[in-house]
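Asker: What follows is a protein structure lacking sequence information:
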């Protein structure tokens, strides 16, 4: 008799492996959060860019005064933050107002960081604060719109 004993293959485990071979693993909460943040960022930036292009076309082809450039740019950025807040809140499904606030605060922090890097400080605090406030309010508007829609 031989000292070596052959082990029988576990057919149930092999069958399970073959059945799950083509399937993707279940997504983790972290991967869903990254996907939601990426999608909301892309949607907000796309809307902002589209509105900026539309407003540029409008200002170039109509007799509107060029003093409207800054308010229209602020409107486009705020609409992008609102879209981003709405998409993130809709994707998360809970704490929707906080999602909108987080989106607006993120864009406001990015804008303030850009101003500080460009100028080395806040040159005129009155004019440099209008856009971050509009971004935060836009994000909150998007989060609240998602919350109101979910309540129906």
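Answerer: On my side now, so go ahead. What you are looking at is a predicted structure, and each value in this text was computed from that prediction instead of being measured.
Asker: could you pull out the helices for this protein?
Answerer: With helices called from DSSP state H, the chain shows them at 11-19, 29-61, 69-92, 96-119, 125-128, 130-151.
Asker: Identify each buried residue in the second one, please.
Answerer: Which is helix 29-61. 36-37, 40-41, 43-44, 47-48, 51-52, 55 (16 or more other CB atoms under 10 Å). In this view, the C-beta of every residue, glycine as well, is placed from N, C-alpha and C.
Asker: Distance-wise, check residue 133 relative to residue 53.
Answerer: 24 Å (CB to CB, to the nearest Å).
Asker: any low-confidence regions in this structure?
Answerer: Low-confidence regions of the chain, defined by pLDDT under 70, span residues 1-10, 13-14, 19-26, 122-128, 152.
Asker: rerun at 90
Answerer: Scanning the chain for pLDDT under 90 picks out the ranges 1-34, 36, 64, 66, 90-96, 111-132, 146-152.
Asker: Now do the contacts for the residue lying closest to residue 112 once chain neighbours are set aside.
Answerer: With sequence-adjacent residues excluded and distances taken as CB to CB, 6 or more residues apart in numbering, residue 112 is closest to residue 132, at 5.7 Å. Taking CB atoms under 8 Å, 6 or more residues apart in numbering, we find residue 132 in contact with 108-109, 111-112.
Asker: Give me the buried subset of the residues you listed.
Answerer: Counted by 16+ other CB under 10 Å, the contacts of residue 132 give 108, 111-112 as buried.
Asker: could you dump those residues to CSV with distance to residue 148?
Answerer: Formatted as CSV, the buried ones among the contacts of residue 132 follow (distance: CB to CB, whole Å):
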residue, distance to residue 148
108, 23
111, 27
112, 29
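Asker: Can you tell me which of those residues comes closest to residue 17?
Answerer: Nearest to residue 17 among these is residue 108, at 49.8 Å by CB to CB.
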